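**Q** mind folding the following:
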Amino acid sequence: MPRPATKQELLNAMQSERQQLTRVLRQLGPHGQSAPFGFAHRDRCVRDVLGHLAAWQQLFLSWYRLGMAGGDPQMPANGHSWKTTPALNAQILTDCQSVTLARTRRRLTDRHRRIREIVRQHSDAELFTKRHYHWTGSTSLGSYIVSATSAHDRWAVRLLQRHWQDLQEP
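**A** Numbering: from 1, shown residues only. All right, here's what the predicted structure looks like:
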């Protein structure tokens with residue numbers, strides 16, 4: 001699927017990739033959702049993957065809130081630069097260890113809904129014109145949203161499909 005370039009394409013991509021994620025979670029069932037991965041990866045189970053998605057969506061929501069209020073959010077997070085994203089992801093993994101899968105899923109659903117509402121509030125130009133908002137730097141608001149939603153969901157689906165395939169092997 002090409003990277004969205006309009007509001008409708010973005011909404012469609014968000015819906016399509018989230019439906020794919022929902023399908024693979026359903027396919028895994030309760031056992032697969034609670035089983036550890038049988039391969040080496042930073043994230044070690046479904047909860048870790050969904051926690052990663054939820055955390056990055058929360059980061060986006062924080063950037064958006066501060067940026068739209070006239071502030072300059074530190075991206076990707078306080079104390080981190082884009083070069084230290086691996087360390088940030090490691091911290092996210094640590095932080096999500098104390099959260100249940102059920103709570104993580106609720107967080108992810110709520111944050112996805114909130115981001116869809118944000119998309120609906122903006123025009124194509126506001127979403128996809130680079131530098132339209134000072135806080136997005138040299139990119140566009142839509143690009144950040146794609147990264148926090150549909151692109152990240154696609155990554156999660158590939159990883160969870162690999163987990164499902166491993167569970168199918170004798």
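**Q** what's the neighbour count on residue 154?
**A** Residue crowding around residue 154 was assessed by other CB atoms under 10 Å; the count is 16. Any C-beta I mention is one placed from the backbone N, CA and C, and that applies to glycine too.
**Q** which helix is the longest one in the chain?
**A** In the chain, assigned by DSSP state H, the helix with the most residues is helix 7-34.
**Q** packing partners for the next helix-or-strand element following it?
**A** The helix or strand immediately downstream of helix 7-34 is helix 46-68, counting by DSSP states H and E. Under the contact definition 3 or more CB pairs under 8 Å, 6 or more residues apart in numbering; DSSP states H and E, helix 46-68 sits against helix 7-34, helix 85-96, helix 101-121, helix 141-148, helix 150-168.
**Q** which residue packs closest to residue 160, ignoring adjacent ones?
**A** residue 24 (4.7 Å; CB to CB, 6 or more residues apart in numbering).
**Q** show me what contacts the one you found?
**A** Shown here is residue 24, whose contacts under the criterion CB atoms under 8 Å, 6 or more residues apart in numbering are 157, 160-161, 164.
**Q** in CSV, list the residues you listed along with neighbour count, distance to residue 70 and pLDDT.
**A** Compiled in CSV, the contacts of residue 24 are given as follows (neighbours: other CB atoms under 10 Å; distance: CB to CB, whole Å; pLDDT from 0 to 100):
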residue, neighbour count, distance to residue 70, pLDDT
157, 20, 36, 98
160, 24, 39, 97
161, 15, 42, 97
164, 16, 45, 95
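**Q** okay if I get these as TSV plus distance to residue 144?
**A** Formatted as TSV, the contacts of residue 24 follow (distance: CB to CB, whole Å):
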residue	distance to residue 144
157	20
160	24
161	26
164	30
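**Q** pick the one among these closest to residue 60.
**A** Closest approach between these and residue 60, by CB to CB: residue 157, at 19.0 Å.
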